[in-house]
Every structure is written in structure tokens, then in C-alpha cells.
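Participant: What follows is a protein structure lacking sequence information:
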């Protein structure tokens, strides 16, 4: 039987227990829909082959862009970071976001850090 219920973003965000740990909540073709809670800075990085969309649900997000003006996002606003562009998301206070990324997008792109979350971990609750 097909499930015709929608996804409750607030309920999915309640399942996120650590900052900077995306949780896959859906898929459209080759794009994952993810939720995450952000606080502080992640790391300067780029995704060489994928664009990355940030949609702010609550809070205010600053995305520092290498060589360009900083992007400031309020609830209901989104920004697409083009592939290959170095960026650093910064949340002075906790921010809740929806991310749209290709299924192959590495969490911290071209930079490996202790806090990088493998795609398998972002989808482990779906198994």
C-alpha cells in the first residue's frame, strides 16, 4: 500500500540529537532531502561535483563564501551553493535547516574532519 502521509519536518528535526549531523528524511530522484541542527562553524569546504541547498526552518544562518559576499538567511529563505564553491556555514545560535543534496554529496566535501558524517550514517535509520 502506498503511504500518502506527508513528512513532518519538525518531528524529523526532533530526532536529530547532534549538531552538524544531517538526517536523510526523503529522496527525490538522485537528491536527498535532509534535516540538520547547526551551531557554531562547520569547516571551509567545497563539493566539487554537487550543488548544495540550505533552507532555513528556524534561526539565522550565515554562509561565508570564498571571495564573495557572505549570505545571510532567515527562516523561509534558501541559498544554493554552486558546485566547486568553497563555503563555511556559521550558526551563532542553533539553526534548523533542510538540505537538498545529490545522494553522492560528502558531508564536508573535499575536507575530511573528525565531525564528517558518512552518507551511510545519515541514512542508517532508514534501514
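Facilitator: Great, that's in hand. Values in this document were obtained by computation on a predicted structure and should not be read as measured data.
Participant: ok, the residue nearest in space to the middle of the chain to residue 47 distance?
Facilitator: The centroid of the chain falls nearest to residue 99 when counting by CA atoms, centre = their mean (3.8 Å). For residue 99, the distance to residue 47 (CB to CB, to the nearest Å) stands at 11 Å. In short, each C-beta sits where N, CA and C put it, glycine included.
Participant: all strands of the protein, in order?
Facilitator: Remark: strands assigned in the chain by DSSP state E are 23-28, 31-41, 52-58, 61-65, 71-73, 78-81, 87-102.
Participant: which residues make contact with the fourth one from outside it?
Facilitator: Spelled out, that is strand 61-65. Strand 61-65 has contacts (CB atoms under 8 Å, 6 or more residues apart in numbering) with 38, 44, 54, 70-73, 79, 81, 85-92, 95, 97.
Participant: Bridging across strands, which residues link to the closest residue to residue 53 other than its chain neighbours?
Facilitator: Nearest non-adjacent residue to residue 53, counting by CB to CB, 6 or more residues apart in numbering: residue 100, 4.1 Å away. Note on residue 100: beta-bridge partners by DSSP bridges are residue 33, residue 53.
Participant: one step back: can you add mean pLDDT and distance to residue 15 and give the strands of the chain back as CSV?
Facilitator: Listed next are these as CSV, based on pLDDT from 0 to 100; distance: least, CB to CB, whole Å:
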stretch, mean pLDDT, distance to residue 15
strand 23-28, 94, 6
strand 31-41, 96, 8
strand 52-58, 98, 14
strand 61-65, 98, 20
strand 71-73, 98, 23
strand 78-81, 98, 22
strand 87-102, 97, 12
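Participant: Turn the ones you listed into TSV, including distance to residue 9.
Facilitator: TSV is the format used below for those (distance: least, CB to CB, whole Å):
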stretch	distance to residue 9
strand 23-28	8
strand 31-41	6
strand 52-58	6
strand 61-65	16
strand 71-73	16
strand 78-81	13
strand 87-102	7
